[in-house]
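this one's sequence-less:
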Ligand SMILES: [Zn+2]
């Protein structure tokens, strides 16, 4: 699945609910899921990591849908490597 396809799927699945909840509420859910990802990273259980990464990605897609941001287009920022130094891998000083 490509980024745009995933974002469209999340839109078909949740956009109506996302619109009703609104931007602040949807952003709060994304932050909540990032918190759950943080806990999963500390616990180090692989199955939890898969689930929390999926949830963060889905809420990020929901938020992008509400904002009219195309995540695939946005991701192009990194197409030529590091946006700062322009290298792959990044050659910025540590
Ligand atoms: Zn760099």
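Received the coordinates, thanks. Remember, it's a predicted structure, so these values are computed and weren't measured experimentally.

where does the prediction get shaky in the chain?
Scanning the chain for pLDDT under 70 picks out no residues.

ok, residue 83 to residue 75 distance?
Going from residue 83 to residue 75 by C-beta to C-beta, to the nearest Å gives 11 Å. C-beta here means a position set from N, CA and C on the backbone, and glycine is covered the same way.

meant to ask about residue 37, not that
Applying C-beta to C-beta, the value for residue 37 to residue 75 is 19 Å.

compare neighbour counts for those two and give me the winner.
Neighbour count, other C-beta atoms under 10 Å: between residue 37 and residue 75, residue 37 has more, with 18 against 11.

what's the closest non-adjacent residue to residue 14?
Nearest non-adjacent residue to residue 14, counting by C-beta to C-beta, 6 or more residues apart in numbering: residue 62, 5.5 Å away.

actually residue 51, sorry about that
Closest to residue 51 by C-beta to C-beta, 6+ apart is residue 40, at 7.5 Å.

next up, identify which helix or strand that neighbour is on.
Secondary structure assignment for residue 40, by DSSP states H and E: helix 3-43.

report the distance from that helix to the chain centre.
With C-alpha atoms, centre = their mean, to the nearest Å as the basis, helix 3-43 stands 8 Å off its chain's centre.

interface residues of this structure facing the ion?
Applying C-beta under 5 Å from the ion, we find that the chain lies next to the ion at 82, 84, 85, 90, 92.

now residue 90, what are its backbone angles?
Torsion angles at residue 90 (phi, psi; degrees, to the nearest 10) stand at phi -50, psi 130.

my read: it touches residue 83, true?
No - in this structure residue 90 lies outside contact range of residue 83 using C-beta atoms under 8 Å: 9.4 Å.
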